[in-house]
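Engineer: sequence first, then the predicted structure:
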Amino acid sequence: MKFILATTLFLALTGSLWAIEDTPENRAKEADAYLQAVPAKELVDSMTEKLASSVPEAQRDLFKSMMTKHLDLNALADAQKAALVKVFTAGEIESMKNFYGSADGKSVLKKMSSYMAELMPTVQSQLMKAAQAAEQEVKTSNGQPSNQ
């Protein structure tokens, strides 16, 4: 029993040895792996499909073609990599790669624009309410009468 306890304690204390060291080089390496698992083209294709659904059916193919014809996927991938390296740690990028590279993760990415479309009207209305309340509070604190 003491051996198991000691081994568990040792592994817990040395667990960080197996973690990816957060260096610029490791961030770049993990960003490259992420972009292999989740290519920029997949994101563009998903976004284009979502947008195309709002275009009349007779014009969808033309719309899709125009959305991607002049799009520089290499520039997009370079920007993605730079942002990943700047914002996330090597471990976080690895975790995103593992999740978004999985079947469930790919499904989540495809559904994200629909999720945001469902959520945005509420976010916008709540932001408007908050802005109006803040404006009213400022007016009231400056001695101006309330319009209520």
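Structural biologist: Ah, there it is. Numbers count the residues shown, from 1 in each chain.
Engineer: which positions in stretch 37-57 come out as buried?
Structural biologist: By 16 or more other CB atoms under 10 Å, the buried positions in stretch 37-57 come out as Ala37, Val38, Ala40, Leu43, Ser46, Thr48, Lys50, Ala52. Placement of C-beta: from N, CA and C, glycine included.
Engineer: again but with stretch 75-87, I slipped
Structural biologist: Buried residues in stretch 75-87 (16+ other CB under 10 Å): Leu76, Ala77, Gln80, Lys81, Leu84, Val85.
Engineer: and the residues you listed as JSON lines, adding secondary structure and distance to Asp32?
Structural biologist: Below are the buried residues of stretch 75-87 laid out as JSON lines (DSSP: H, G, I helix; E, B strand; the rest coil; distance: CB to CB, whole Å):
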{"residue": "Leu76", "secondary structure": "helix", "distance to Asp32": "15"}
{"residue": "Ala77", "secondary structure": "helix", "distance to Asp32": "10"}
{"residue": "Gln80", "secondary structure": "helix", "distance to Asp32": "11"}
{"residue": "Lys81", "secondary structure": "helix", "distance to Asp32": "7"}
{"residue": "Leu84", "secondary structure": "helix", "distance to Asp32": "9"}
{"residue": "Val85", "secondary structure": "helix", "distance to Asp32": "10"}
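Engineer: which of the residues you listed lies closest to Pro56?
Structural biologist: Closest approach to Pro56 among these (CB to CB): Leu76, at 27.4 Å.
Engineer: now the closest one: closest residue in space, sequence neighbours ignored.
Structural biologist: Once flanking residues are discounted, Leu76 sits nearest to Ala40: 4.6 Å by CB to CB, 6 or more residues apart in numbering.
Engineer: gap between the one you found and Leu71?
Structural biologist: Separation of Ala40 from Leu71 (CB to CB, to the nearest Å) stands at 9 Å.
Engineer: quick one: the helices in the protein?
Structural biologist: For the chain, applying DSSP state H gives helices covering 2-14, 24-37, 40-52, 60-69, 73-87, 90-100, 103-141.
Engineer: how about residues contacting the third one?
Structural biologist: When contacts are defined by CB atoms under 8 Å, 6 or more residues apart in numbering, helix 40-52 is touched by residues 60, 63-64, 67-68, 71, 73, 76-77, 80, 106, 109-110, 113-114.
Engineer: if you set the cut-off to 6 Å instead, what comes out?
Structural biologist: For helix 40-52, the external contacting residues (CB atoms under 6 Å, 6 or more residues apart in numbering) are Arg60, Phe63, Lys64, Met67, Leu73, Leu76, Ala77, Gln80, Lys110, Ser113.
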